[in-house]
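> Structure of the sequence below:
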Amino acid sequence: DFAVNGVSQMSERIRSIMTFSGVSKNEIDFQLTNLEEVISTNLHDLSQKIKEKNIQFKIGPLPEINCGKPLLKMVFHNLISNAIKFNKSKKPLITIAYDKHSPKGFWQFSIKDNGIGIDKKYQAKIFEIFKRLHNKEDYEGTGIGLALCQKIIHRHRGKIWVESKEGEGATFYFTISKYLK
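Residues are numbered from 1 along each chain as shown. The predicted structure is shown next:
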């Protein structure tokens, strides 16, 4: 059993590294993308986990933007997945929003949860590749998801950050340039 799990974890980590590497060097096909469709696809893909934890969603209207659609789908998937995974609330709620008052030249989005939160001293480290705040027995994953999100957002000439208090949930913000072609 250990050998099978060890091989499975190793192949998951290798796939993650290959994805991370591909995001770093492959050309991005920027195209007009309906973000509500992207979110809908992600929620469908994550439907089993959503049902298991009885997660409620509040999703504001989202714009159509120029972006690398499969890449932005990965960003939303990772952030929504983490919001589900790190939520032990009796009434879990995830809010996905577009900020109409985004910084000039950027689209700004947020994904907010009422989960376990992140201590301020670890907030910068979570975007480093393979940095994990929790052991694998408590929370599955490779420790590459947020580093991948950061790489994708940087390739879209934006930035990503988190605001959180331990025990009070987390809000991940990210921006995307409005001038991608």
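
> CA atoms of stretch 100-110 as CSV?
Listed next in CSV are the C-alpha coordinates belonging to stretch 100-110 (Å, rounded to 0.1, in the frame of the first residue of the first chain):
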residue,chain,number,x,y,z
LYS,A,100,-15.4,47.3,-10.3
HIS,A,101,-12.9,49.7,-8.7
SER,A,102,-9.9,47.8,-9.9
PRO,A,103,-6.5,49.6,-10.2
LYS,A,104,-6.2,51.5,-13.5
GLY,A,105,-5.3,49.2,-16.4
PHE,A,106,-6.2,46.0,-14.5
TRP,A,107,-9.0,43.6,-13.7
GLN,A,108,-9.0,42.7,-10.0
PHE,A,109,-10.7,39.6,-8.6
SER,A,110,-11.1,38.0,-5.2
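
> buried set for it?
For stretch 100-110, the neighbour count (16 or more other CB atoms under 10 Å) marks 106-110 as buried. Every residue, glycine included, has its C-beta placed from N, CA and C.

> So for the chain, which residue is the most central one in space?
Per CA atoms, centre = their mean, the C-alpha nearest to the average position across the chain is that of Leu79, at 2.1 Å.

> Leu148 is in contact with that one, correct?
No: Leu79 lies out of contact with Leu148 (CB atoms under 8 Å); the separation is 10.7 Å.

> Okay, now the unreliable bits of the protein?
Low-confidence segments of the chain (pLDDT under 70): 1-26, 123, 129-143.

> Going along the chain, name the strands of it.
Secondary structure of the chain (DSSP state E): strands at 30-34, 56-59, 64-68, 93-98, 106-113, 160-164, 170-177.

> Phe127: which of those strands is closest?
strand 160-164 (7.1 Å; CB to CB).

> Look up which residues are beta-bridged to Ser110.
Note on Ser110: beta-bridge partners by DSSP bridges are Ala97, Tyr173.

> was I right about it contacting Ala170?
No: using CB under 8 Å, Ser110 makes no contact with Ala170, being 10.3 Å away.

> Show me whatever sits in contact with both of the two.
Common neighbours of Ser110 and Ala170, counting by CB atoms under 8 Å, 6 or more residues apart in numbering, are absent.

> okay, now Phe127: neighbour count?
Residues lying near Phe127 (other CB atoms under 10 Å) number 18.

> was I right about it contacting Ile160?
Yes: between Phe127 and Ile160 a contact is recorded at 7.1 Å, counting by CB under 8 Å.

> For the spatially closest residue to Lys181 that is not a sequence neighbour, which residues are in contact?
Leaving aside its sequence neighbours, Lys181 sits nearest to Phe30 (CB to CB, 6 or more residues apart in numbering; 5.9 Å). Neighbour list for Phe30: 66-68, 180-181 [criterion: CB under 8 Å, 6+ apart].
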